[in-house]
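In: show me how the following folds:
(2 chains)
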Amino acid sequence: MADEKNANGKNGKSVGLVDRIKEDLNSLRTDLPAKAKEQVEGLKNPTKTQLYTSIFRHKHDDTPRNRALGVLSNVFLHLHPAKINRDAVRYSYTWGMGGITFYLFLVLTFTGVLLMFYYHPSKVQAFRDVLYLEHDVPFGKLLRNMHRWAAHLMVIAVELHMFRVFLTGSYKKPREFNWNVGVILLVLTLLLSFTGYLLPDDQLGFWAVTVGTNMARATPLLGHEGPFGAQMGMTPYNDVRFGLLGGSIVDANALLRSYIWHCIGIPIIALIFMVVHFWRVRKDGGISGPNSVMLESEIKEPRK
Amino acid sequence: MDWHQLWEIMSAPDNVPIIALIPLLAFYIFLAWRQAHANDLLIEQLEGDAALAKTHHRKAWPFKPGWQKEVHVWPFLLRVEFLAAIIVTIILMVWSITLNAPLEEPANPNLTMNPAKAPWYFLGLQEMLVYFDPWIAGVVMPTLIILGLMVIPYIDTNPLGAGYYTWKQRKFEIGTFLFGFIVLWVSMITIGTFIRGPGWQWFWPGQTWDHNRLIYEVNRDLPDLFGITSNLGKAIFGAAVVGGFFAIGGFVVHALYRRYNSKNYQRKSLLQYSILMVFFLTMIGLPIKMLLRLMFHIKYVWITPWFNV
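Out: Next comes the predicted model:
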């Protein structure tokens, strides 16, 4: 478009307004189809578009490099190494219980958030909300069932995970610390389940939590019925059980406290420990095995 | 045989997880045992054949020269994880469609549930309430369980069996854990769920839960059997018995451990060894106290003005 240079009048030639508009109209006719063609050509190979390459940072041809990159360049998958011991994918060794526990935690978070939309943690409303969920909310019953069974399943999965880790000696050096993080996560799982038990505000939850928290009365030093509790000045109105329940009986405050621990407090704490747990699995050298068997004669006694 | 009662207990929605746990546990113990057995055979073979031990890849699974030692996570691990997620989702879906979460009457502090049971995973602790005061069963025991689990990696000095299933190389460790997990944890949960009825009384499976049943049991305290009446005497006697259990039991365990596990005994420092002893003796103290109660109707062993054991 040599004329364009003239259009700004730098060459001294003055161009009229009408000519300029004609010129612009002309460009619409010639440039747009060309650009459109270019656009369509570009779309024939969508993986080359800027949009695509900004999201996916590498090619997906089936090469070893791309398989590795698929894991390494993905924030969710990069918890995994690119390659692992060929036997470490065997289900008979791993039982998959750690991963299943985490998956159940995700299921519980998802169903739990949905349940929160329909639930008020107050004595007047709580039980009615559960009835409402069961009878009127679309899929409400399925939602509540799934939340409850996933919670039970999570307790089972955690226990089986711990069992497997023990049986394969996976807590041994250098994984001692991660075993401890795991024990804390086990306790947090039980507490999550226990705090959730009260929330329907029915007889089952009420008496289970009453039985459970009555034990806290007997805490040595800190409970009013525990050894040396009286000597420490403990009464039903200032001991550790009072702190747990926000009162001397399981009532509105206990419901609210359960709710907050269940939905906010413990999940956040558990999430922090989970992050550490997963991170340490990698940092301590990945999954413990399956290792080559070690013979008694090969033990190198550490120098004392 | 009251089949209806049995069915009511077995099919209570919250008891289904325990019904599921028992076959699951049996399956996984079988899975672990099979691999442990294969590894033990391999270890035996390699111990007897030094030349083979140098060249063998040392797993019970097949391996041929030329096979890659490592595989890509994508797709070999991720497909397993994906499958697991799908299967768990299906199980959950079917379970949630077929079985409803329990919902009883609205909470009523004036109407006590009988039996009032904790959630199933705490029933082992609730069962302990029969044999121990609440401060032990409800506070000290859970604390000891957590602490006991946490010290495991620091007191287990056996370098063998890291990262593979074995039985012969870790008999004591695995035996102890199985005892704690299966006998003390899972079976107590099972008893608490299926056996304990109204008034926390013992009802065999199939026996009708009779809310009016009374059991006349005269429970005695150990000092009474010896005719000790003064408070001071009871306190001193009880302390002597409990102390004696730890001293004599400790000596017996020490003698056995030293003899049959001598290498691990030598490896342990004094601190590691004493922590092991304290937790181990406390653990075997549980069934002993239970037997005292069940067979001899003994309630307390140690009586003081502040606490009873």
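In: let me know the pLDDT of the residue in the stretch 151-300 of chain B that chain A sits nearest to.
Out: For the stretch 151-300 of chain B and chain A, the shortest gap (CB to the nearest CB) falls at residue B:163, measuring 3.0 Å. Quick note: C-beta positions are derived from backbone N, CA and C, even for glycine. Per-residue pLDDT puts residue B:163 at 92.
In: any idea which element it lies in?
Out: Residue B:163 belongs to no helix or strand when assigned by DSSP states H and E.
In: ok, now which ones touch it?
Out: Listed by CB atoms under 8 Å, 6 or more residues apart in numbering or on different chains, the contact set of residue B:163 reads A:168-170, A:288-291.
In: which two from the residues you listed end up farthest apart in space?
Out: A:169 and A:290 (11.3 Å; CB to CB).
In: which one of the contacts of residue B:163 is nearest residue B:225?
Out: Using CB to CB, residue A:169 comes nearest to residue B:225 of these, at 44.9 Å.
In: any idea how chain A splits into domains?
Out: Following automatic domain parsing, one gets these domains for chain A: A:20-82, A:94-286.
In: which of those domains comes out lowest on mean pLDDT?
Out: Mean pLDDT is lowest for domain A:20-82 among the domains of chain A, at a mean of 89.
In: is it true that residue B:204 touches residue B:195?
Out: Yes. Here residue B:204 reaches residue B:195: they are 7.1 Å apart, a contact under CB atoms under 8 Å.
In: which one of these two has more residues nearby?
Out: Between residue B:204 and residue B:195, residue B:195 has the larger neighbour count (other CB atoms under 10 Å in any protein chain shown), namely 16 against 10.
In: contact partners for the more buried one?
Out: With contact set as CB under 8 Å, 6+ apart, residue B:195 has these partners: B:202-205.
In: ChimeraX command to pick out the buried ones of those residues?
Out: Buried subset of the contacts of residue B:195, written as a ChimeraX selection, criterion 16 or more other CB atoms under 10 Å in any protein chain shown:
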select /B:203
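In: hmm, residue B:149 is touching residue A:183, no?
Out: Yes. In this structure, residue B:149 is within contact of residue A:183 by CB under 8 Å, at 4.7 Å.
In: joint contacts of the two?
Out: Common neighbours of residue B:149 and residue A:183 (CB under 8 Å, 6+ apart) are residue A:162.
In: now do the strands in chain A.
Out: For chain A, strands defined by DSSP state E occupy the ranges A:83-85.
In: any idea how far the residue most central in space within it is from chain B?
Out: When chain A is reduced to its mean C-alpha position, the nearest residue by CA atoms, centre = their mean turns out to be residue A:106, at 5.3 Å. Relative to chain B, residue A:106 is positioned 9 Å away (criterion: CB to the nearest CB, to the nearest Å).
In: please identify the most buried of the domains of chain A.
Out: With neighbours taken as mean count of other CB atoms under 10 Å in any protein chain shown, the domains of chain A reach their highest mean count in domain A:94-286, at a mean of 19.
In: off-centre distance for that domain?
Out: For domain A:94-286, the separation from the chain centroid amounts to 16 Å (computed by CA atoms, centre = their mean, to the nearest Å).
In: one step back: for the residue of the stretch 151-300 of chain B closest to chain A, what are phi and psi?
Out: Residue B:163 adopts backbone torsions of phi 90, psi 10, taken as degrees, to the nearest 10.
In: what's the answer for residue B:196, then?
Out: Main-chain dihedrals, residue B:196, degrees, to the nearest 10: phi -80, psi 120.
In: could you give the mean pLDDT of the helix or strand that contains residue B:16?
Out: Taking DSSP H and E as the criterion, residue B:16 maps to helix B:16-47. Helix B:16-47 comes out with an average pLDDT of 94.
In: which neighbouring elements make contact with that helix?
Out: Counting contacts by 3 or more CB pairs under 8 Å, 6 or more residues apart in numbering or on different chains; DSSP states H and E, helix B:16-47 packs against helix A:91-94, helix A:140-167, helix B:50-55, helix B:187-190.
In: which neighbouring elements make contact with the second one?
Out: Contacts of helix A:140-167 with other secondary structure elements, assessed using 3+ CB pairs under 8 Å, 6+ apart, are made with helix A:97-116, helix A:126-135, helix A:176-198, helix B:16-47, helix B:78-98, helix B:171-178.
In: relative to the whole chain's centre, how far out is stretch B:43-63?
Out: In terms of CA atoms, centre = their mean, the centre of stretch B:43-63 is found 35 Å from the chain centre.
In: list the buried residues of that stretch.
Out: B:43, B:46, B:53, B:58-60.
In: now the domains of chain A as JSON lines including distance to residue B:278?
Out: Shown next, in JSON lines, are the domains of chain A (distance: least, CB to CB, whole Å):
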{"stretch": "domain A:20-82", "distance to residue B:278": "38"}
{"stretch": "domain A:94-286", "distance to residue B:278": "17"}
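In: picking up where we left off before, which of the contacts of residue B:163 lies closest to residue A:258?
Out: Distances from residue A:258 to the contacts of residue B:163, taken by CB to CB, are shortest for residue A:170, at 34.2 Å.
In: returning to that earlier point: which two among the buried residues of stretch B:43-63 are spaced furthest apart?
Out: B:53 and B:60 (14.4 Å).
In: thinking again about what came up before, need the contacts of residue B:195 in TSV (columns: pLDDT, secondary structure and distance to chain A).
Out: As requested, these are exported to TSV (pLDDT from 0 to 100; DSSP: H, G, I helix; E, B strand; the rest coil; distance: CB to the nearest CB, whole Å):
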residue	pLDDT	secondary structure	distance to chain A
B:202	89	strand	18
B:203	90	coil	19
B:204	91	coil	23
B:205	89	coil	21
